[in-house]
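*Asks:* coords below, sequence missing:
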């Protein structure tokens, strides 16, 4: 007996609140979070010794130290060797590569006023501003 099949829950269908699966806001693994396997590999690398981040940081520090040494020296660099500026440019490139592992990106922030309304602009005279600033400073 052929029974009609229900349409499957395709990714585009939203069945939130029906209790029957489908795409739901906030469900699933968050973007950028490490999977179990990735986390296990990273943990093992850290236990075994040096990590790629540590290599980048050591390289950056060595380049900066060498640039500072050459900068303090009153002689010109040897022919074919890097100048202090070139070393600092290399160090900056390494720092740029290492930065995402140390400092999370800032996310966009939507600014709004009370109850997600527009931001209110307030005009004050200099005297009113001084009084308000003193009041806020006293509360802190």
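*Replies:* Thanks, I have it. Here the structure is a predicted model, which is why all the values come from computation and not from measurement.

*Asks:* Contacts made by stretch 44-61 with the rest, please.
*Replies:* Contact partners of stretch 44-61, identified using CB atoms under 8 Å, 6 or more residues apart in numbering, comprise 42, 91, 94, 95, 97, 98, 101, 102. For glycine as for every other residue, the C-beta is placed from the backbone atoms N, C-alpha and C.

*Asks:* The last one - nearest residue in space that isn't next to it in sequence?
*Replies:* Nearest-residue entry for residue 102: residue 53, 7.6 Å, with adjacent residues in sequence omitted and distances by CB to CB, 6 or more residues apart in numbering.

*Asks:* Residue 60 versus that neighbour, what's the distance?
*Replies:* From residue 53 over to residue 60 the distance is 11 Å, taken as CB to CB, to the nearest Å.

*Asks:* So the two - more neighbours on which side?
*Replies:* residue 60 (19 against 16; other CB atoms under 10 Å).

*Asks:* ok so, going back, filter the contacts of stretch 44-61 down to the buried ones, ChimeraX style.
*Replies:* In ChimeraX, a selection of the buried entries from those looks like this (16 or more other CB atoms under 10 Å):
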select :91,94,95,98
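
*Asks:* so which of the contacts of stretch 44-61 comes closest to residue 21?
*Replies:* residue 42 (32.1 Å; CB to CB).

*Asks:* Does residue 90 belong to a helix, a strand or coil?
*Replies:* helix (DSSP: H, G, I helix; E, B strand; the rest coil).

*Asks:* Skipping its backbone neighbours, what lies nearest it in space?
*Replies:* residue 63 (5.2 Å).

*Asks:* cool, and residue 118?
*Replies:* residue 112 (7.2 Å).

*Asks:* ok so, going back, same list, the contacts of stretch 44-61, but as JSON lines with secondary structure and pLDDT please.
*Replies:* Putting these into JSON lines (DSSP: H, G, I helix; E, B strand; the rest coil; pLDDT from 0 to 100) gives the following:
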{"residue": "42", "secondary structure": "helix", "pLDDT": "77"}
{"residue": "91", "secondary structure": "helix", "pLDDT": "95"}
{"residue": "94", "secondary structure": "helix", "pLDDT": "94"}
{"residue": "95", "secondary structure": "helix", "pLDDT": "93"}
{"residue": "97", "secondary structure": "helix", "pLDDT": "92"}
{"residue": "98", "secondary structure": "helix", "pLDDT": "90"}
{"residue": "101", "secondary structure": "helix", "pLDDT": "84"}
{"residue": "102", "secondary structure": "helix", "pLDDT": "86"}
